[in-house]
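# here is the input, now give the coordinates:
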Amino acid sequence: MSERLTILGFAFASIFGAHRPLCAQEPAASTELTMVSPRAFEQPSFHLLFGDQVDLPGGTYALRQRTSAIEFVFEQPRVFGQFGLGWFYLNEGYLGPKEPHQLELTAPLHYRDGFGLQLDRWMALGNRCRLGVAAGPELYFDTTANKFRSQYEDRHGSGLVLGFAGLCRVVSGFSLELRANRSLDVASFDSTSYLVGLAYTPGGSDDRPSERGIAASAQPAYVELLVGKAQIDDFRAQIDAGFSEWIAYGDSLSGAIGYQVSLRGAQIHTLLSSKAAAVQLTAQQGFAAGRLQLYAGIGPELTHNDDHVNQTVDTKLDLLASAGVRFHLRSRLFFLLQYGRVADSSKRIDIDMLLLGMGFDVGSRPD
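Next comes the predicted model:
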């Protein structure tokens with residue numbers, strides 16, 4: 001099965017963080033080693049980490065095996081006093097036997113990823129480093145098969161992810177990070193992952209980051225049109241990828257919280273035709289005076305599938321989650337890159353979508 005797509009996105013609650021200094025003390029007036037401002041870590045930050053990939057150490061350890069891992073984290077510090085919130089996506093890779101597709105499996109086969117929200121707490125370690133702990137719930141997607149790959153199931157469930165991380169600033173805005181996670185998942189398997197990567201803090205070297213244009217601003221009413229790739233999460237040997245289109249209208253409800261109504265279609269090779277309508281609760285974080293926006297959404301989707309393999313047609317209620325980034329070129333026109341995931345209630349047709357498109361602000365953008 002092809003690797004799932006690594007997503008960009010951010011936490012709903014993370015956009016409400018208050019911007020306060022990381023440390024009470026001011027940096028020394030002069031020192032031989034350039035010291036990081038105490039405000040340097042107070043901004044929202046992006047973390048991209050890998051394990052057991054491109055000769056990097058670590059990876060996922062579970063079911064007496066080791067495989068690769070990828071994690072993306074968007075963090076908003078100081079949301080609740082000393083505690084911050086981080087939205088994460090964790091791909092724990094492929095675990096199981098390597099037999100040819102047509103042979104019976106000698107052990108269960110898994111491909112699991114998930115996303116969730118963690119409460120975190122950081123502690124300064126010297127002038128350039130910090131240590132942190134985190135804990136929070138995860139919604140996981142585990143494509144699994146027990147006997148033959150074609151008899152797969154897309155299992156969904158919830159669990160708890162515990163994390164420990166250490167990072168040190170290496171250049172302005174960028175830090176080297178080491179992270180360890182322990183996933184405790186109900187009705188699936190526990191795992192441990194070790195990762196290494198970089199954290200980026202926009203405006204992280206500025207003593208007055210509020211001037212960098214980082215804000216959770218309201219999004220005016222908008223329309224979007226996107227097209228791109230769609231892929232079923234499965235272990236089948238035949239082609240499981242195709243084309244998808246998406247049209248959406250959204251508006252703000254209160255501040256950075258809003259809603260989106262969307263229609264989408266997908267054609268997966270000769271396997272599946274899908275049409276759907278969805279309503280999502282959305283949230284966003286603005287950067288660069290609002291010209292760059294990260295957003296995420298989640299909500300119910302009414303899906304109509306025509307399964308050409310099993311000769312069945314059904315309509316059901318699924319779960320849709322999406323995340324992406326908007327690039328505003330002019331006052332109203334923007335381009336966007338979006339990832340979407342459909343959690344199928346029948347546990348057979350989870351769909352990933354990577355889409356590119358453009359949009360137009362219907363309402364006036366806030367100053």
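# contacts and neighbour counts: CA atoms only from here.
Will do.
# domain ranges for the protein?
With domains defined by automatic domain parsing, the chain comprises 13-212, 222-361.
# how many other residues sit next to the spatially closest residue to L302 that is not a sequence neighbour?
Distances taken as Cα to Cα, 6 or more residues apart in numbering put L317 closest to L302, at 4.7 Å, once the chain neighbours are dropped. Residues lying near L317 (other Cα atoms under 10 Å) number 17.
# next, count neighbours for the nearest residue to A283 once chain neighbours are set aside.
What sits nearest to A283 in space, not counting adjacent residues and going by Cα to Cα, 6+ apart, is I257, at 4.6 Å. The local packing of I257 (other Cα under 10 Å) involves 23 other residues.
# tell me how far I257 lies from D251.
The span separating I257 from D251 equals 9 Å under the rule Cα to Cα, to the nearest Å.
# what's the answer for Y94, then?
When Cα to Cα is the yardstick, Y94 and D251 sit 39 Å from each other.
# for A145, same thing?
According to Cα to Cα, A145 stands 41 Å off from D251.
# cool, Q118 as well?
27 Å.
# and the longest strand belonging to the chain, which strands flank it?
Looking only at the chain and at elements set by DSSP state E, the strand with the highest residue count is strand 153-171. Strand 153-171 pairs in its sheet with strand 129-145 (antiparallel), strand 174-185 (antiparallel), by DSSP bridges.
# send me that strand as PDB with only the CA atoms.
Taking only C-alpha atoms (Å, rounded to 0.1, in the frame of the first residue of the first chain), the coordinates of strand 153-171 have been written out as PDB:
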ATOM      1  CA  GLU A 153     -10.400  -3.500   7.500                       C
ATOM      2  CA  ASP A 154     -10.000   0.300   8.200                       C
ATOM      3  CA  ARG A 155     -10.200   0.300  12.000                       C
ATOM      4  CA  HIS A 156     -10.800   3.600  13.800                       C
ATOM      5  CA  GLY A 157     -10.400   4.200  17.500                       C
ATOM      6  CA  SER A 158      -9.100   6.500  20.200                       C
ATOM      7  CA  GLY A 159      -6.200   6.400  22.600                       C
ATOM      8  CA  LEU A 160      -3.700   8.400  24.600                       C
ATOM      9  CA  VAL A 161      -0.300   9.700  23.300                       C
ATOM     10  CA  LEU A 162       2.400  10.600  25.800                       C
ATOM     11  CA  GLY A 163       5.400  12.600  24.600                       C
ATOM     12  CA  PHE A 164       8.800  13.800  25.800                       C
ATOM     13  CA  ALA A 165      10.900  16.300  23.800                       C
ATOM     14  CA  GLY A 166      14.100  18.300  23.900                       C
ATOM     15  CA  LEU A 167      15.100  21.000  21.500                       C
ATOM     16  CA  CYS A 168      17.900  23.500  21.100                       C
ATOM     17  CA  ARG A 169      18.000  26.700  18.900                       C
ATOM     18  CA  VAL A 170      20.600  26.300  16.200                       C
ATOM     19  CA  VAL A 171      20.000  29.400  14.000                       C
END
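# now it, how far from the chain's geometric center?
The offset between the C-alpha centroid of strand 153-171 and the centroid of the whole chain comes to 11 Å, using Cα atoms, centre = their mean, to the nearest Å.
# tell me the buried residues in it?
Neighbour-count burial for strand 153-171 flags 153-156, 158-169 (criterion: 16 or more other Cα atoms under 10 Å).
# can you check stretch 340-360 too?
So, applying 16+ other Cα under 10 Å, buried residues of stretch 340-360: 340-345, 347-360.
# go ahead and confirm F335 touches L355.
No. Contact status for F335 versus L355: not in contact, 11.0 Å apart, counting by Cα atoms under 8 Å.
# I'd like to know how many residues surround G126.
Neighbours of G126 using other Cα under 10 Å come to 10.
# what of the one 10 residues further on?
For G136, the neighbour count with other Cα under 10 Å is 19.
# can you tell me the SS state at the residue lying closest to it once chain neighbours are set aside?
Spatial nearest neighbour of G136, excluding adjacent residues (Cα to Cα, 6+ apart): Q118 at 4.0 Å. Using DSSP: H, G, I helix; E, B strand; the rest coil, the secondary structure recorded for Q118 is strand.
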